[in-house]
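Chemist: Show me the folded form of this:
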Amino acid sequence: MSLLGDSLTRRRGELKLTQLEVAELVNTTTRAISDYETGKRVPTLKRILELSNAYQVEPEVLFRLARHDVEDGYQRAKYLSTFLVKARHRLGKTQKEIAKELGLSEQAVQKHEVGQRNPSLKAMMKYSRIYHIDIYKLVDLAIKDIKEGETNDINKNS
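Modeler: You can find the predicted model right below:
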């Protein structure tokens with residue numbers, strides 16, 4: 001199970017909702033909800049927003065980005081920033097080019113790459129597409145995968 005899938009399952013349980021009830025709330029199938037919860041599929045940004053609305057939480061909560069542990073946040077930012085720099089270099093692009101593709105300022109990309117600012121969920125989804133990396137890897141920050149530079153799990157469903 002993925003971090004997102006685990007969060008979706010847990011929150012649905014807290015609200016005492018069935019997969020069918022959630023599917024009806026967000027106008028999809030129970031199969032899609034099951035696939036999101038098991039990590040077989042990645043919901044689109046639109047679907048994540050719909051799910052967060054149905055679950056009555058901010059989207060970041062579903063990804064556990066709103067942690068309050070400062071040290072953990074520092075480590076996540078450090079690994080993410082290192083990964084973003086390596087991914088950009090692998091594509092042979094400048095910060096300016098990436099900023100344009102993301103619709104952000106060059107300064108924002110620079111801050112993401114040095115760990116001074118964590119990207120928003122929307123920016124993470126865009127990084128995922130540009131760098132051809134599964135959104136789960138960016139959000140979960142699976143340190144082993146990042147250190148090995150593994151990028152085979154292209155996010156096809158967002």
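Chemist: how near is residue 126 to residue 103?
Modeler: 7 Å (C-beta to C-beta, to the nearest Å). Glycine gets a C-beta too; all of them are placed from N, C-alpha and C.
Chemist: helix/strand/coil for the closest residue in space to residue 106 that isn't next to it in sequence?
Modeler: Nearest non-adjacent residue to residue 106, counting by C-beta to C-beta, 6 or more residues apart in numbering: residue 99, 4.4 Å away. Under DSSP: H, G, I helix; E, B strand; the rest coil, residue 99 falls in the helix class.
Chemist: Need the per-residue pLDDT for residue 99.
Modeler: The model reports residue 99 with a pLDDT of 95.
Chemist: I'd like the mean pLDDT over whichever strand or helix holds residue 138, please.
Modeler: Residue 138 is part of helix 135-140 when elements are defined by DSSP states H and E. Helix 135-140 shows a mean pLDDT of 68.
Chemist: circling back: between residue 126 and residue 103, which has more neighbouring residues?
Modeler: A count of neighbours by other C-beta atoms under 10 Å puts residue 126 above the other of residue 126 and residue 103, at 19 against 10.
Chemist: And for residue 107, the neighbour number?
Modeler: Residue 107 has 12 neighbouring residues, counting by other C-beta under 10 Å.
Chemist: who touches it in this structure?
Modeler: Listed by C-beta atoms under 8 Å, 6 or more residues apart in numbering, the contact set of residue 107 is empty.
Chemist: element containing it?
Modeler: In this assignment (DSSP H and E), residue 107 forms part of helix 106-114.
Chemist: and the next element down the chain from that helix?
Modeler: helix 121-130.
Chemist: which strands and helices sit next to that next one?
Modeler: helix 45-54, helix 70-91, helix 95-102, helix 135-140 (3 or more C-beta pairs under 8 Å, 6 or more residues apart in numbering; DSSP states H and E).
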